[in-house]
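Visitor: what shape does this take:
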Amino acid sequence: MAERIVMQETGAPEVMQLETLDLPAPGAGEVQIRQTVIGLNYMDIYQRSGYYPMDTPSPLGLEAAGEITAIGADVDGLAVGDRVVYGGVLGAYATHRNAPAARVLKIPDGIANDVAAAALMKGMTAEYLLERTYKVQPGDKVLFFAASGGVGQIAGQWGKHIGAEMIGVTSGPDNCAAALKQGYAHAIDRKSEDIAERVKEVTGGAGVPVVYDSIGKATFETSMACLGVYGMFVSFGATTGEAPAVAPGQLQHGGSLYFTRPTLANYVGPRADLEHSAKRVFDMILNGHVSININQRRALSEVAAAHIELEAGTTTGSTILLP
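Guide: Modelled structure (predicted):
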């Protein structure tokens, strides 16, 4: 028997319930996975809460690692016993599941299952943001919000490796001190400092060429104020609600600015892009340029508590669930 988390309706964390099921054999193009580690992402909260509309009842979770136990028809390149990881496939909150082979990746030797599950989606997010949405160059001064979170910690290290001067926004002196150990040259405490003023100090009044903002509504005006001429505002999350509509004139008068709202699903949609992004993440870890900090571990049955902690902003680094 398999176990999984389902919700009958969207809403508060309590809508998530554990159920048992008889898992069928994998269909054509599918593999069956015995999952050992499940990754937690803010996207899970968007879906559970109804911020992103979902048809219910529905499973939850998007990322996990484990071992292939069965192979369906028309699957090439994967075998029973392979250690694998996937991201972006709904239904990850489970002990066992069938998943489309086209979205499943082998875990390289040297990377543990828990690291793979904690790193894949967050690492691919850092990859597409820093290397493809705005291609960060050596010497760039880069502002990154939520520097203490899973994506933020990876981005700080990744940007430092590129040669950028990373400026992280977080909360409290402890998180600021931690951010400085995660590749950030500067850490701004959003609770006690004026973010835009600190950015002006760091950049000599010029502003930054790019802002990566996962907060949304609450930080929109601040992010705009931090940009220099021709700067790019990359809005890749909305933990406080969607950023407001941007009038063309606002971009004009702000310094011929650019505004974009990218999403991981587009950047890793084609299989070739998925493999490219995942390889960059794995290589950065294997070469010692990025370390993954798993600072919260909870049982799958404690998923509601894990959501509460992540939504409240009390976590740092990555959270994993253990089936």
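Visitor: quick one: the helices in the stretch 1-150 of the chain, in order.
Guide: 42-49, 113-128, 150-162 (DSSP state H, counting those that start in this stretch).
Visitor: same check on the stretch 201-323 of the chain?
Guide: 220-226, 248-255, 264-267, 271-286, 303-312.
Visitor: nearest to Arg4, out of these?
Guide: Of all the helices of the stretch 201-323 of the chain, helix 303-312 sits nearest to Arg4, with 10.6 Å by Cβ to Cβ. C-beta here means a position set from N, CA and C on the backbone, and glycine is covered the same way.
Visitor: what are the buried residues along the closest one?
Guide: Buried positions in helix 303-312, judged by neighbour count with 16 or more other Cβ atoms under 10 Å: 303-304, 306-307, 309-311.
Visitor: and stretch 266-286, by the same measure?
Guide: In stretch 266-286, counting by 16+ other Cβ under 10 Å, buried: 267-268, 274, 276-278, 280-282, 284-285.
Visitor: for the residues you listed, give me CSV that also has distance to Tyr46 and pLDDT.
Guide: Formatted as CSV, these follow (distance: Cβ to Cβ, whole Å; pLDDT from 0 to 100):
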residue, distance to Tyr46, pLDDT
Tyr267, 17, 98
Val268, 18, 98
Leu274, 21, 98
His276, 25, 98
Ser277, 21, 98
Ala278, 22, 98
Arg280, 25, 98
Val281, 22, 98
Phe282, 26, 98
Met284, 26, 98
Ile285, 26, 98
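Visitor: check contacts around the closest residue to Leu321 other than its chain neighbours.
Guide: Distances taken as Cβ to Cβ, 6 or more residues apart in numbering place Ile38 nearest to Leu321, at 4.0 Å, with adjacent residues excluded. Shown in contact with Ile38 (Cβ atoms under 8 Å, 6 or more residues apart in numbering): 61, 63-64, 92-94, 117, 300, 320-323.
Visitor: wait, which of the residues you listed is closest to Met54?
Guide: Nearest member of the contacts of Ile38 to Met54, counting by Cβ to Cβ, is Gly61, at 12.4 Å.
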